[in-house]
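> Below is the sequence, then the predicted model.
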Amino acid sequence: MKRTLMTAAAACALMTTAACAAYGAHAPHVWNDSPSVAPAADAIPPATAEAAVAFVTDAETRLAALSEEAARIQWARATNITHDTMWLESRINAEYTELQVQLANGAARFNAVEVPADVRRKLNLLRLGIVLPAPNRPGAAGELADITTRLDSTYATGKFEYQGRQITLEDASALLATTRDPAEARALYEGWRTISPVMAPDYARMVEIANEGATELGFADTGAMWRAGYDMEPDAFAAETDRLWEQVKPFYENLHCYVRGRLNARYGDTVQPDSGPIRADLLGNMWSQQWGNIYDVVAPAEGGASSYDLTERLVASGYDARKMVETGEGFYVSMGLPALPETFWERSQITRPRDREVVCHASAWDLDNRDDIRIKMCTEVNAEDFYTVHHELGHNYYQRTYKDQPFLFKNGANDGFHEAIGDFVGLSALTPTYLNQIGLLQTVPGEAEDIPFLLKMALDKIAFLPFGLMVDRWRWGVFNGETSPAEYNDAWSSNMLRYQGLVPPGPRPANAFDAGAKYHIPGNTPYTRYFLAHIYQFQFHRAACAQAGWTGPLHRCSVYGNEEVGARFNAMMEMGQSRPWPEAMQAFTGQRENDASAVADYFAPLNTWLTAQNRGKNCGWET
């Protein structure tokens, strides 16, 4: 994920997308001793073009000057969770929110004033970009900051009792990935969800405060404000994501049908019927958002074995956590981008400390809006983290590439771009072609391994798409009042069924708050960006492979070492958020629109194979 500040969550929960850039970064301290006190009416200058320019200049100066202090406090809390670091972060989050509300309201004064295009864009970013806006009344920002910090820390420190000992999410996830015992899978799935019911009252109160703030800024609710940040109207953006989902939904249904059949063959009708939805805990992931961990269960009956296991190859080749990160850096350098600064290696959290509580959720940080870039991970030597390293460094390289933009443009073209940068590189990084290029494989497997390779990719990439959509669909319903606090859990389960075709392993308790067991809900990180990223990464990949002159199957293409691709890639990243996202898309791909057809192109051989495997089956599920 992207750069992080505040609580990798509370941060982004409170700041502008321009300032926060997905997980945070520019959280200023407020110098004004009484920031919530409005100036006298006669002290407010007329709303002119000159005043708008002066307002934006002052806003950027204040934000830029104050961001580093906040960044360091937020990094300290994320890498050492204590009462004191939580207190410090909550305080600066509140101060930041009060300033940001002032700036957003100030920007709205110029809505009807004709100003230069770059000034208008900055005014819009100030007004649209607050993730959780506090209303402009005394105490609101402080209450909101306390809640968001508490929610994030509750998640980060969550543990539950399993077989007589307290285990963390990392422990539970590792067990769930490997168990093939349905009873154990259910216990782990349900056990982790015991950490979240306590969050529900805080979450409901947070929604009330944020909606009050969003209404003050002229939006129907907080969800509408989120959707307004994509260079189109909120309803148009929702329709666009629906259109993209319809492009890929048939392939997901094909994959779902095949996986359900293999689970039925493994566990029988009493555990997983051969029709209807899939039992969520059987898919090897705590949120059933990626299914690659159960490849051994769903592998092709014939010819499904791969000639290599990436985790085994990494271990056998002597990789440690640092070498994993160095390898990721090497990919970007091979495309002509600069090496990471020495401070990256000195200051990043690459492995989990043993002496304190930390946020292990992987994230990329930019602490000074220039060169103090870092990652925060609890890296393990395995295939998943090999990919994650390439992904997180994509955020860092994006941050560093647009560092010369004005402060409010130091961000991705939209938040989906920021997530897609590293995912695009990751598509090359997982190919046998790349593994051969860096010496992890001696030979590149032949075509006989294409279906196994693509099936593994689809279990992560295609399986994720409906989850990437449903998280914010749930949240938009919460924000607009369609879903009341009493309906939180029923609505979450309903979305699982509608979009993913999944059901929990058993009845949920009356006080369940399953949404809170997913980091991005208590972390208040908008999630549609990840859905977009799973579209964009293939669009980027197809364009890059064409630029490289690749004529083979898309899934075998690696752009490692191609500086021509790197130059165009760099040109897109340098734009930051200075132009509408279609212009950034065009700079790299030649297209101005979102296009999920690249997903179909990449997985075409697998879709043909799945169709044959599913012949005669009753695919789909009742909603």
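In hand now; what should we look at?
> And Ile375, its phi and psi?
Ile375 has phi and psi values of phi -120, psi 150 when expressed as degrees, to the nearest 10.
> What helix or strand is Gln74 located in?
Using DSSP states H and E, Gln74 falls within helix 49-78.
> just checking, what packs against that helix?
strand 3-4, helix 83-108, helix 117-128, strand 363-366, strand 373-376 (3 or more C-beta pairs under 8 Å, 6 or more residues apart in numbering; DSSP states H and E). Every C-beta, even on glycine, is put in place using the N, C-alpha and C of the backbone.
> Please work out which of these is packed deepest.
Across the helices and strands packed on helix 49-78, averaging neighbours per residue (mean count of other C-beta atoms under 10 Å) puts strand 3-4 on top, at a mean of 33.
> Count the neighbours of Gln152 for me.
For residue 152 the amino acid is Asp, not Gln. As a burial measure, Asp152 scores 31 neighbours (other C-beta atoms under 10 Å).
> Show me what counts as buried in the one helix or strand it maps to.
Remark: Asp152 resides in helix 140-156, with elements defined by DSSP H and E. In terms of neighbour count (16 or more other C-beta atoms under 10 Å), helix 140-156 has its buried residues at 140-142, 144-156.
> what's the next secondary structure element after it?
Under the assignment DSSP H and E, the closest C-terminal helix or strand after helix 140-156 is strand 159-162.
> Show me what the mean pLDDT comes to for that following strand.
Strand 159-162 comes out with an average pLDDT of 97.
> residue ranges with poor pLDDT in the stretch 351-500 of the chain?
Of all residues in the stretch 351-500 of the chain, none has pLDDT under 70.
> Show me the helices in it, by range?
Using DSSP state H, counting those that start in this stretch, the helices of the stretch 351-500 of the chain run over 383-401, 415-429, 432-437, 450-479, 488-495.
> and the first one, what does it pack onto?
What that stands for is helix 383-401. For helix 383-401, the packing partners by 3+ C-beta pairs under 8 Å, 6+ apart come out as strand 3-4, helix 310-316, helix 321-334, strand 363-366, strand 373-376, helix 415-429, helix 563-574.
> how distant is the helix or strand harbouring Val259 from the center of its chain?
Per DSSP H and E: Val259 is located in helix 234-267. Remark: helix 234-267 is offset 19 Å from the chain centroid, using C-alpha atoms, centre = their mean, to the nearest Å.
> Could you say which one of the helices of the stretch 351-500 of the chain comes nearest to Pro522?
helix 450-479 (11.8 Å; C-beta to C-beta).
> Number of residues surrounding Glu161?
There are 10 residues near Glu161, going by other C-beta under 10 Å.
> isn't it right up against Gly191?
Yes. Applying C-beta atoms under 8 Å as the test, Glu161 and Gly191 come out as touching, 7.5 Å apart.
> Most tightly packed of the helices and strands packed on helix 383-401?
Most buried among those, given mean count of other C-beta under 10 Å as the contact rule, is strand 3-4, at a mean of 33.
> Report the rounded mean pLDDT for that strand.
Strand 3-4 comes out at a mean pLDDT of 34.
> Tell me where the model's unsure across the stretch 501-623 of the chain.
Counting by pLDDT under 70, the ranges of the stretch 501-623 of the chain that qualify are 623.
> where do the strands sit along it?
Shown for the stretch 501-623 of the chain, the strands assigned by DSSP state E, counting those that start in this stretch span residues 502-503.
> What sits closest to Glu593 if chain neighbours are left out?
Pro582 (6.8 Å; C-beta to C-beta, 6 or more residues apart in numbering).
> could you check the distance from that neighbour over to Met225?
Going from Pro582 to Met225 by C-beta to C-beta, to the nearest Å gives 21 Å.
> And Asn396, by the same measure?
From Asn396 to Met225 the distance is 28 Å (C-beta to C-beta).
> Likewise for Asp274?
Using C-beta to C-beta, one obtains 44 Å as the distance from Asp274 to Met225.
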